[in-house]
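1. With the input below, show me the fold.
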Amino acid sequence: MGKQWLLGSLLGLAMVLPGTVVLAQTEAQAETEDAYTNAMNLGYTYANEFDYQTALVNFRRALEERPKDEYAINAIANMEYYIERDRLAAIQAEVDTLQARLNLAAETKDWVCVTATVDELIPYAEGLEKERLTGYRSQLIGVLESRTDIEFWSTVCSPDQPLI
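-> Numbers count the residues shown, from 1 in each chain. Predicted coordinates:
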């Protein structure tokens with residue numbers, strides 16, 4: 001009993017001594033702190049590995065632990081920006097590949113491939129470009145029905161021919 005009382009008294013004194021900084025945390029506060037810190041650290045690790053989706057998940061977990069935390073909010077905004085930037089870059093790369101294939105197919109008079117490629121490009125287009133592609137697609141129907149240059153068809157888009 002004597003040792004427990006002394007230890008309890010010393011701990012009590014440590015919490016009330018003037019001039020001392022006391023970090024009196026409950027277990028729940030410590031767990032929240034650990035969960036926040038762990039989530040933020042994981043987020044930074046994944047962000048450095050360019051795994052922005054996983055980083056975003058972890059930064060959102062950190063924000064759940066500390067709502068309105070400026071660091072977590074900024075990290076989330078950054079990850080959302082990087083994800084959107086990469087998504088748009090991937091779309092642009094796909095469009096560039098399709099346009100290159102379209103040009104090659106038109107040069108070689110592979111009208112089946114031209115038509116298929118236009119069909120793939122239309123969902124990416126907007127406004128006047130979409131109207132232009134749709135009109136071009138309508139013209140291609142006539143070419144396909146006339147079977148013009150049939151000997152060149154399906155050479156560019158064949159499975160054996162890799163995309164450009």
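2. tally of neighbours for Ile76?
-> Counted with other Cβ atoms under 10 Å, the burial measure for Ile76 works out to 19 neighbours. Placement of C-beta: from N, CA and C, glycine included.
3. show me where the protein has helices.
-> Listed in chain order, the helices of the chain (DSSP state H) span 2-16, 27-48, 52-65, 70-107, 111-121, 127-146.
4. Cys157: which of the ones you listed is closest?
-> Each of the helices of the chain was checked against Cys157 via Cβ to Cβ, and the shortest separation belongs to helix 111-121, namely 3.6 Å.
5. Can you check what angle separates the closest one from helix 127-146?
-> 150 degrees (axes from the mean of the first three to the mean of the last three Cα atoms, to 10 degrees).
6. follow-up on the earlier one: as JSON lines, the helices of the chain with mean pLDDT and distance to Cys157 would be great.
-> Putting the helices of the chain into JSON lines (pLDDT from 0 to 100; distance: least, Cβ to Cβ, whole Å) gives the following:
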{"stretch": "helix 2-16", "mean pLDDT": "41", "distance to Cys157": "76"}
{"stretch": "helix 27-48", "mean pLDDT": "86", "distance to Cys157": "38"}
{"stretch": "helix 52-65", "mean pLDDT": "97", "distance to Cys157": "32"}
{"stretch": "helix 70-107", "mean pLDDT": "96", "distance to Cys157": "7"}
{"stretch": "helix 111-121", "mean pLDDT": "91", "distance to Cys157": "4"}
{"stretch": "helix 127-146", "mean pLDDT": "87", "distance to Cys157": "13"}
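7. Skipping adjacent residues, who's closest to Arg60 in space?
-> Nearest residue to Arg60, sequence neighbours excluded (Cβ to Cβ, 6 or more residues apart in numbering): Ile76, at 6.2 Å.
8. my read: the one you found touches Phe59, true?
-> Yes: with contact taken as Cβ atoms under 8 Å, Ile76 and Phe59 are classed as touching, separated by 4.8 Å.
9. Cool, thanks, talk later.
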